[in-house]
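1. give me a model of this one.
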Amino acid sequence: VPILVIVTISLLIETQIMAFMNEAPSASWYCLIPVTIALMFPPLANGAGAISRMPFQMKAMARLWEAPPLWRIRRIYLPLALPDILTGVRTSATWAVGATLIAEGLVNGVDGDSITLGHFLVRPFSSSASPGRTPTIIIIASLLGFAVYILFVIIQRSAGLRLQGKAATAEEDYPL
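-> Numbering: from 1, shown residues only. From the prediction side, this is the model:
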């Protein structure tokens, strides 16, 4: 639902801006901003949640030391929030393929462009659709989503190992 609202609002704003500038960009250009905005929410929300859950003792120590803001960000907040931010990035990366297809389908329905996968996904039963196109698009989008998820799991694990050392990996691998 958020991607639908974001695509609609950004399409209205972008069309007005482009009409004012006398430009006629392709439908794919109209997809860039709403997909980017929609995919920023999970990393930002997870990072803000991690910082808000920061132990009181760490906040009190930073206040006692009168640590400068940039030092606090680099040495306390960023290392604390990085695993949660990367979890949000992993979530966004997984959803990116689907969000792009949805945005393309919605924007192309308005713009009339019919050469993208999103258009074929939104209009699977039109007279011009060849048999098997929609299931193929769904399978490819699902496989791309899983591949991106696995890629970001690897990136998150290596970043966590680099940030927190072997102790974090040992704790993660310890059976319950």
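2. and the most far-flung residue of the chain relative to its centre, what element?
-> Within the chain, the residue lying farthest from the chain centre (CA atoms, centre = their mean) is L64, at 36.9 Å. Assigned by DSSP states H and E, L64 belongs to helix 56-65.
3. give me the contacts around the helix or strand following that helix.
-> If you walk from helix 56-65 toward the C-terminus, the next helix or strand you reach (DSSP H and E) is helix 69-72. Applying CB atoms under 8 Å, 6 or more residues apart in numbering, the contact partners of helix 69-72 are A62. In this view, the C-beta of every residue, glycine as well, is placed from N, C-alpha and C.
4. alpha carbons only: can I get helix 69-72 in PDB?
-> Presented in PDB, the C-alpha positions along helix 69-72 are these (Å, rounded to 0.1, in the frame of the first residue of the first chain):
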ATOM      1  CA  PRO A  69      28.500  15.300  18.200                       C
ATOM      2  CA  LEU A  70      30.500  14.000  15.200                       C
ATOM      3  CA  TRP A  71      32.600  11.700  17.500                       C
ATOM      4  CA  ARG A  72      29.300  10.300  19.100                       C
END
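5. right, and the helix or strand after it?
-> The C-terminal neighbour of helix 69-72 among helices and strands, as given by DSSP H and E, is helix 78-111.
6. tilt between that following helix and helix 56-65?
-> 110 degrees (axes from the mean of the first three to the mean of the last three CA atoms, to 10 degrees).
7. CA-only coordinates of the helix holding L64, as PDB, when you get a sec.
-> Extracted C-alpha coordinates of helix 56-65, given in PDB (Å, rounded to 0.1, in the frame of the first residue of the first chain):
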ATOM      1  CA  PHE A  56      20.900   4.700  29.000                       C
ATOM      2  CA  GLN A  57      24.400   4.100  30.400                       C
ATOM      3  CA  MET A  58      25.900   4.800  27.000                       C
ATOM      4  CA  LYS A  59      24.000   8.000  26.700                       C
ATOM      5  CA  ALA A  60      25.000   9.100  30.200                       C
ATOM      6  CA  MET A  61      28.700   8.300  29.500                       C
ATOM      7  CA  ALA A  62      28.700  10.300  26.300                       C
ATOM      8  CA  ARG A  63      27.200  13.200  28.200                       C
ATOM      9  CA  LEU A  64      29.700  12.900  31.000                       C
ATOM     10  CA  TRP A  65      32.600  12.900  28.600                       C
END
